[in-house]
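Trainee: here is my input; please provide its structure:
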Amino acid sequence: MPRLHNHQLKPFSQKLRRDMTKEERHLWYDFLQDLPLTVHRQMVIGKYIVDFCIPELHIVIELDGYQHGDPENVLADRKRDEWLVSQGYSVLRYDNREINKQFEFVCQDIWFHLFPDGESE
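Mentor: From the prediction side, this is the model:
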């Protein structure tokens, strides 16, 4: 699977990595960084920067703030997801309320997508 990469986005992705949202920090520090897989934060794929990516399994994890509910953003997210799927990725989306109110559920859902048989090795 070819991985397109827009090198012009790299400085912005590095800034986003430094300035993660509270919800991104929570998911990263309290779950994702301890997974037995390599997880990349703010990774450039094509013309997009995804919140988290597990390249080995072709899985992208996106966290959505309130602005993602705006109609134009819903359409943009749909187009983005369609493009990522066309590149072989599965996209898991969670909104910030889920991270804040149902963190354990989000972690279990991600785990299920990563290890559908329940095993990590």
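
Trainee: these two touch, right, residue 52 and residue 28?
Mentor: Yes: with contacts counted by Cβ atoms under 8 Å, residue 52 reaches residue 28, the gap being 7.4 Å. Using the backbone N, CA and C atoms, a C-beta is placed for each residue, glycine as well.

Trainee: now the common contact residues for the two.
Mentor: Common neighbours of residue 52 and residue 28 (criterion: Cβ atoms under 8 Å, 6 or more residues apart in numbering): 39, 41.

Trainee: in the helix of greatest length in the chain, which residues are buried?
Mentor: Secondary structure assigned by DSSP state H gives helix 71-86 as the longest helix of the chain. Buried residues in helix 71-86, counted by 16 or more other Cβ atoms under 10 Å: 77, 80, 81, 83, 84.

Trainee: need those in CSV (columns: distance to residue 62 and pLDDT).
Mentor: What follows is the buried residues of helix 71-86, written out as CSV (distance: Cβ to Cβ, whole Å; pLDDT from 0 to 100):
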residue, distance to residue 62, pLDDT
77, 8, 88
80, 9, 91
81, 8, 95
83, 13, 94
84, 9, 96
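
Trainee: turn the residues you listed into JSON lines, columns for distance to residue 58.
Mentor: Shown next, in JSON lines, are these (distance: Cβ to Cβ, whole Å):
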{"residue": "77", "distance to residue 58": "18"}
{"residue": "80", "distance to residue 58": "15"}
{"residue": "81", "distance to residue 58": "13"}
{"residue": "83", "distance to residue 58": "13"}
{"residue": "84", "distance to residue 58": "9"}
